[in-house]
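In: One predicted model, sequence on top.
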Amino acid sequence: MIARHWRGWTKPEDADAYEKLLRDTVLPEIQNIEGHKGVLLLRNDGPQECQFVVINFFESLDAVKRFAGNDYRVPVFEPEARRLLSRVDPFANHFDVRAAHLPE
């Protein structure tokens, strides 16, 4: 399994709108990609900006490429998401998942 890790930041006043866009539009679309296995959406609210960490799980690098294309390290954005984000990681990172245990 492959974990695709990416970070983006918003101004505090844009954080709720960005999270809603992720939950209502972006993540449901990604879940329809063949080979997508799940997602973690993390948020850390700070006084000056809010950080989001998105970790998508895919069964293989081929599944990642179905989502992101052949240049799969480049982040994928909805136009509205790009407007809400104040800064972004320029690349997504990919990790081989060696173990996973999440509490219910």
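Out: Done, it's in.
In: Could you use CA atoms for every contact and neighbour count after this?
Out: Will do.
In: from what I can see, Lys20 looks like it's in a strand, true?
Out: No. Under DSSP: H, G, I helix; E, B strand; the rest coil, Lys20 sits outside any strand and is assigned helix.
In: For Lys37, see how far away it is.
Out: 21 Å (CA to CA, to the nearest Å).
In: Compare neighbour counts for those two and give me the winner.
Out: Using other CA atoms under 10 Å as the criterion, Lys20 and Lys37 rank with Lys37 on top: 18 against 11.
In: Which pLDDT does the model give the residue nearest the centre of the chain?
Out: For the chain, the residue nearest the mean C-alpha position is Val54 (3.3 Å; CA atoms, centre = their mean). Here the pLDDT value assigned to Val54 is 96.
In: And what about it, helix, strand or coil?
Out: strand.
In: what distance separates the helix or strand harbouring Ala63 from the centre of its chain?
Out: Per DSSP states H and E, Ala63 falls inside helix 61-68. Offset of helix 61-68 from its chain centre (CA atoms, centre = their mean, to the nearest Å): 13 Å.
In: quick revisit: do I have it right that the residue nearest to the centre of the chain meets Arg7?
Out: Yes. Between Val54 and Arg7 there is a contact at 6.4 Å, judged by CA atoms under 8 Å.
In: in the protein, which spans are strands?
Out: Assigned by DSSP state E, the chain shows strands spanning 2-10, 36-45, 50-58, 85-88, 93-96.
In: Of these, give the one that comes closest to Asp24.
Out: Asp24 sits nearest to strand 36-45 of all those, at 12.6 Å, using CA to CA.
In: Need the strands of the chain in a markdown table (columns: distance to Pro79).
Out: Shown next, in a markdown table, are these (distance: least, CA to CA, whole Å):
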| stretch | distance to Pro79 |
| --- | --- |
| strand 2-10 | 14 |
| strand 36-45 | 19 |
| strand 50-58 | 17 |
| strand 85-88 | 10 |
| strand 93-96 | 21 |
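In: Of all these, which one comes closest to Ala68?
Out: That would be strand 2-10 among those, by CA to CA, at 10.3 Å.
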